[in-house]
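In: coords please:
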Amino acid sequence: MWHKTEGPEVGGRPSRREFLRTAGAGAAAMFLCGHAPYGQWGVYRRRHLLILTSRADPPSFELGQRVAEVLADRLPSSKAQVSRAPHKERIASLISSQQLDVALMRRDDAAALRQGRPPSPSTDQSSCSPSSASESICSSAATTLQHAMPG
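Out: Numbering: from 1, shown residues only. Purely as a prediction, here's the structure:
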């Protein structure tokens, strides 16, 4: 019997309406409370060295991959990985808010960020290529990071 009679519940079984109301309220509470994965993002960032590049600058991603490979070889505990931001403004946001620590960008854009100015608009994409970055650049980056990382 799924319906209530007058007075206290007969047999101790809840009515269908009461059951659905309780289940609906529980589901709504879980939905409204939500779950933000930002805590896990912080854990991931602490465990992995994310090398940020710009999607608007394809050679930077290739260079980032080379740097990550060298770091994986020379400093495996860094767990280096390359990540792409949609544009330089997003890189500026992530670096300035200290959400990420390492980014590959053009020298003039880095100088602009250091001075508190926005990066310059994308123009020539050919001035930086992975072939122009030698193994010694990646090696010196690995050595610098090795001295900077705790433990």
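In: make it CA atoms for all contacts and neighbour counts henceforth
Out: Will do.
In: quick one: least confident helix or strand in the chain?
Out: Ranked by mean pLDDT, DSSP states H and E, the weakest helix or strand in the chain is helix 135-148, scoring a mean of 46.
In: Can you report phi and psi for S83?
Out: phi -130, psi 150 (degrees, to the nearest 10).
In: same check, this time on A80
Out: phi -60, psi 140.
In: That one and H48: what is the separation?
Out: Distance of A80 to H48, computed by Cα to Cα, to the nearest Å: 6 Å.
In: Those two: who's more crowded?
Out: It is A80, of A80 and H48, that has more neighbours when counted by other Cα atoms under 10 Å, with 21 against 13.
In: Give me the contacts around stretch 41-54.
Out: Contacts to stretch 41-54, defined as Cα atoms under 8 Å, 6 or more residues apart in numbering, come from residues 60-61, 64, 68, 78-88, 91, 100-105.
In: Looking at those residues, which are in helices?
Out: Counting by DSSP state H, the part of those found in helices is 60-61, 64, 68, 88, 91.
In: I'd like those residues laid out as JSON lines, including distance to R17, neighbour count and pLDDT.
Out: As requested, the ones in helices among the contacts of stretch 41-54 are exported to JSON lines (distance: Cα to Cα, whole Å; neighbours: other Cα atoms under 10 Å; pLDDT from 0 to 100):
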{"residue": "S60", "distance to R17": "60", "neighbour count": "24", "pLDDT": "86"}
{"residue": "F61", "distance to R17": "57", "neighbour count": "22", "pLDDT": "88"}
{"residue": "G64", "distance to R17": "59", "neighbour count": "24", "pLDDT": "90"}
{"residue": "A68", "distance to R17": "58", "neighbour count": "24", "pLDDT": "91"}
{"residue": "K88", "distance to R17": "55", "neighbour count": "22", "pLDDT": "84"}
{"residue": "I91", "distance to R17": "53", "neighbour count": "24", "pLDDT": "86"}
